[in-house]
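Participant: Based on what follows, work out the 3D shape:
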Amino acid sequence: MISVVFPGQGSQKVGMGSDFYNQYEYVKKLFDYADDILGYKISDIILNGPQEKLNQTTFTQPAIYLIGYVICEILKKETNFFKKNFNFFAGHSLGEYTALTAANVLTFEQGLLLLSSRGEAMQSAVPLGEGGMSAVLGLDSEELKKLIKENFSEIKCYLANDNSNGQFIVSGLNKELKKFNLLCQEKKIKNIPLSVSAPFHCELMRNATVKMESIIKNQKFSELKYKVVSNVTAKKYNNSDEVKKLLIAQIEETVRWRESIKYMITEGTSTFIEIGPGKVLSGLIKRINKEVKVLNIDTLEDIQDIDK
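Facilitator: Residues are numbered from 1 along each chain as shown. Down below sits the predicted model:
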């Protein structure tokens, strides 16, 4: 069975989606429509950059969502892809909003505006330049949790993403991440600072949670017709009220991606298709399970090949 996954931050690059934009008139109209909804030219930031601006979460989140949605719309119009029976939809962090839109729980407009608000709330939770994230490679999850717990009184860092076997992301204020980096060097643990604009998925996002709770709880979501996996529980949502509750919780909670992939495989998924810019999730999935088939849809060529 096939499950469809959508990427989060870190997949963005200037010019993503430009081949779709140049090929299809209705894609240009979608870009223009997104500009109108947001009140600024997200299309210009996506197509022309600069990369530093695209990397700011305020813009990254609606940008990646728009590209994922555009690819889904092309697949609906140009291929038989969405006539398949899918096992699950899932997304990494902001990608969960794209998954919920693909599964018809959110409308395009809802998803775009929610992620715009989410990006602004998350960016303002910690002043720009004061917080960040770092990749930790080579440990297992229990070893990393123990390392964080044992040193927390001196180094306040948090497990933000459990991405795959031996690949995790920690969040914190930059001054704490510097101390964490030194600790990793002492213990000969590979640690790579990431170019992100805030310390996501930890308690430093508390103000963002408060802001998004007031916005999300007033939304009307459609009931679930497809199975969508939550980052927070690593299991499928049961109803639209649970979607609201867990999207609010997701802002501070660890993204349980490794467990989500294992859950989907246990529930019968043998093929994963990543829709959106880059191949980050595909790489993570292959590290989790080498037996499953993984495909990407990121270019015109990918779309032309999908029905073969």
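
Participant: where exactly do the helices run in this protein?
Facilitator: Per DSSP state H, the chain carries helices over the ranges 18-23, 25-38, 42-48, 51-54, 57-78, 95-102, 108-125, 141-151, 174-186, 206-216, 240-250, 257-266, 280-288, 300-305.

Participant: which other residues reach stretch 128-135?
Facilitator: 56, 157, 160, 167-174, 177, 180-181, 191-194, 196-200, 204 (Cβ atoms under 8 Å, 6 or more residues apart in numbering). In short, each C-beta sits where N, CA and C put it, glycine included.

Participant: Return the most buried member of the helices of the chain.
Facilitator: The highest average neighbour count among the helices of the chain, using mean count of other Cβ atoms under 10 Å, belongs to helix 95-102 at a mean of 28.

Participant: could you give the angle of that one to helix 240-250?
Facilitator: 160 degrees (axes from the mean of the first three to the mean of the last three Cα atoms, to 10 degrees).

Participant: With just CA atoms, put helix 95-102 into PDB.
Facilitator: Provided in PDB are the C-alpha atoms of helix 95-102 (Å, rounded to 0.1, in the frame of the first residue of the first chain):
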ATOM      1  CA  GLY A  95       4.100  19.300   6.300                       C
ATOM      2  CA  GLU A  96       1.300  17.900   8.400                       C
ATOM      3  CA  TYR A  97      -0.800  20.900   7.300                       C
ATOM      4  CA  THR A  98      -0.100  20.000   3.700                       C
ATOM      5  CA  ALA A  99      -1.100  16.400   4.500                       C
ATOM      6  CA  LEU A 100      -4.300  17.500   6.100                       C
ATOM      7  CA  THR A 101      -5.100  19.700   3.000                       C
ATOM      8  CA  ALA A 102      -4.300  16.800   0.600                       C
END
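
Participant: quick thing: my sequence starts at 3, can you match it?
Facilitator: Sounds good: first residue 3 from here, last item helix 97-104.

Participant: Which neighbouring elements make contact with that helix?
Facilitator: Helices and strands touching helix 97-104, by 3 or more Cβ pairs under 8 Å, 6 or more residues apart in numbering; DSSP states H and E, are strand 4-8, helix 59-80, strand 88-93, helix 110-127, helix 242-252.

Participant: In CSV, list those along with distance to Ser155.
Facilitator: Formatted as CSV, the helices and strands packed on helix 97-104 follow (distance: least, Cβ to Cβ, whole Å):
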stretch, distance to Ser155
strand 4-8, 37
helix 59-80, 29
strand 88-93, 35
helix 110-127, 23
helix 242-252, 26
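
Participant: can you redo those as a markdown table with mean pLDDT?
Facilitator: Shown next, in a markdown table, are the helices and strands packed on helix 97-104 (pLDDT from 0 to 100):
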| stretch | mean pLDDT |
| --- | --- |
| strand 4-8 | 98 |
| helix 59-80 | 97 |
| strand 88-93 | 98 |
| helix 110-127 | 97 |
| helix 242-252 | 98 |
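
Participant: Out of the helices of the chain, the one nearest Val6 is which?
Facilitator: Proximity to Val6 (Cβ to Cβ) singles out helix 97-104 among these, at 6.6 Å.

Participant: what is the mean pLDDT for that closest one?
Facilitator: What helix 97-104 shows for mean pLDDT is 98.

Participant: Name the residues that touch that helix?
Facilitator: Against helix 97-104 from outside (Cβ under 8 Å, 6+ apart): 6-10, 66-67, 70-71, 74, 91-93, 108-110, 112-113, 116-117, 120, 223, 230-233, 245, 249, 252, 277-278, 283.

Participant: Go ahead and measure how far it is from the middle of the chain.
Facilitator: Mean C-alpha position of helix 97-104 versus that of the full chain (Cα atoms, centre = their mean, to the nearest Å) differs by 9 Å.

Participant: what angle do it and helix 259-268 make?
Facilitator: 40 degrees.

Participant: just to revisit the earlier point, give me the buried entries from the contacts of stretch 130-137.
Facilitator: Neighbour-count burial (16 or more other Cβ atoms under 10 Å) applied to those gives 58, 159, 162, 169-175, 179, 182-183, 193, 198-202, 206.
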